[in-house]
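Engineer: Sequence and predicted structure below; questions after.
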Amino acid sequence: MKVKPGEIASVLKAVALHVRVVLLYGRDDGLVRERAEMVGKQICPDLSDPFQVARPTLAEVKEQPSILLDEISAISMMGGRRLVRLEGVGNEVAAAVKTVLASDVGDGLIVITSPDLKPGSALRKACETDKHALAIACYTDSNQDLMGLIREILNADGLTADQQAVSFLMENLGSDRQVSRGELEKLVIYKGKNTGSVTLADVQAVVGDSATLEIGHIAAAVTQGDLAGLERALERALTAGESPIAILRVLQMRLQRLHLARGFVEGGMAAHEAITKLRPPVFFKERDSFIRLVGSWPTTKVSQALELLLEAEQQCKTTGMPAETITARALLRVARAARG
């Protein structure tokens, strides 16, 4: 069964007993992992428990497709349902999953994590069309999702945040759920629980030295056509271990905001009026530069840049070529287009 966005929260709290397979897939790897853990902990609070949790490898499933059915049919030594976790797999396991769904043997639960799957992919289709399976899409946090995450983590420790702090966080987080959560948890530790309102200075002290902010510098350099700035920021981010996929996605988010602003301009607004329509608001220190970008990037160029970045992300995931090389090449092409 395909789970609608509005139903995801309730499913993550309580998966129905008749469900035998839960598939979580999408571009936000951190969100996929976070939701997989939420589902898994409904069966076994300790996901490292070797007696209740099985982790067959892709090679094992290929060699013995019946292994999934065997695992969910096995009796747990500690009692209760058995959990089977398959991580980072794709259509290679579709046949084995169909075998499980066609059987009524065993009461265990299989939780599968996958990269972005096309609507017609065998694995996704199998889970979307069977009443004993759930297919949950996990895409990069929307502004509303990210705002909710910020409030959730800060409020849980008795903190609030002023408008400038929230604006800065919204601009610099969101490409990966677990990265965003980690940065916010560092902020709580820095500020201290129940100490009032988080300020812009607090946020910059924590996030300002992170690779997350460096990605923001990369996105700015690319859209401004600053080749030297791009080289410096990209080197620092990759040296710090930042994910090439995260870098591509932050730039995509910036271009999507630029595309929206261009739409307002083409509808008759002035650039400085158009950016006031964006949510979250453009960070106050970047207003002037963003207004200039709105004036220099026609909609067709923004669309072409977004297509190029999506293609680069697909290549990172499927070609086996170094993701750093693919990403650097794509960023350089977009930056050169910005100069032109």
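Structural biologist: Sure, I can see it.
Engineer: neighbours around residue 139, how many?
Structural biologist: Per other C-beta atoms under 10 Å, the neighbour tally for residue 139 reads 14. Glycine gets a C-beta too; all of them are placed from N, C-alpha and C.
Engineer: you'd agree it is in a helix?
Structural biologist: No: under the criterion used here (DSSP: H, G, I helix; E, B strand; the rest coil), residue 139 is coil, not part of a helix.
Engineer: residue contacts, it?
Structural biologist: By C-beta atoms under 8 Å, 6 or more residues apart in numbering, residue 139 lies in contact with 26-28, 31.
Engineer: Quick one, grab the pLDDT at residue 211.
Structural biologist: For residue 211, the pLDDT comes out at 47.
Engineer: Over to residue 148?
Structural biologist: Listed pLDDT for residue 148 reads 85.
Engineer: what would the contacts of residue 139 look like in TSV with pLDDT and neighbour count?
Structural biologist: As requested, those are exported to TSV (pLDDT from 0 to 100; neighbours: other C-beta atoms under 10 Å):
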residue	pLDDT	neighbour count
26	86	18
27	77	21
28	76	26
31	84	23
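Engineer: Looking at the residues you listed, spot the one nearest residue 251.
Structural biologist: Closest approach to residue 251 among those (C-beta to C-beta): residue 27, at 13.7 Å.
Engineer: What is the three-state secondary structure of that closest one?
Structural biologist: State at residue 27, reduced to three classes by three-state DSSP: coil.
Engineer: Name all residues that make contact with the residue nearest to it when sequence neighbours are not counted.
Structural biologist: Closest residue to residue 27 apart from its sequence neighbours, by C-beta to C-beta, 6 or more residues apart in numbering: residue 116 at 5.0 Å. Residues in contact with residue 116, defined by C-beta under 8 Å, 6+ apart, are 25-27, 317.
Engineer: what's the answer for residue 90, then?
Structural biologist: 114-115, 117, 121, 123.
Engineer: out of those, which are inside helices?
Structural biologist: Taking DSSP state H, the ones among these that sit in helices are residue 123.
Engineer: low pLDDT regions in this structure?
Structural biologist: For the chain, the stretches flagged by pLDDT under 70 are 77-79, 140-142, 174-175, 208-214, 280-285, 340.
Engineer: mind listing the strands in it by residue range?
Structural biologist: 21-25, 53-54, 83-86, 109-114, 133-137, 159-161, 196-198 (DSSP state E).
Engineer: Can you name the two of the contacts of residue 139 that sit furthest apart?
Structural biologist: 27 and 31 (8.8 Å).
Engineer: Of the contacts of residue 90, which is the most crowded?
Structural biologist: residue 123 (25 neighbours).
Engineer: my guess is that one contacts residue 24, does it?
Structural biologist: No: counting by C-beta atoms under 8 Å, residue 123 stays clear of residue 24, with 11.5 Å between them.
Engineer: Spit out the residues that contact these two alike.
Structural biologist: Taking C-beta under 8 Å, 6+ apart as the contact rule, residue 123 and residue 24 both touch 112, 114.
Engineer: Now render the contacts of residue 90 as CSV, adding distance to residue 152.
Structural biologist: Below are these laid out as CSV (distance: C-beta to C-beta, whole Å):
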residue, distance to residue 152
114, 26
115, 26
117, 28
121, 32
123, 31
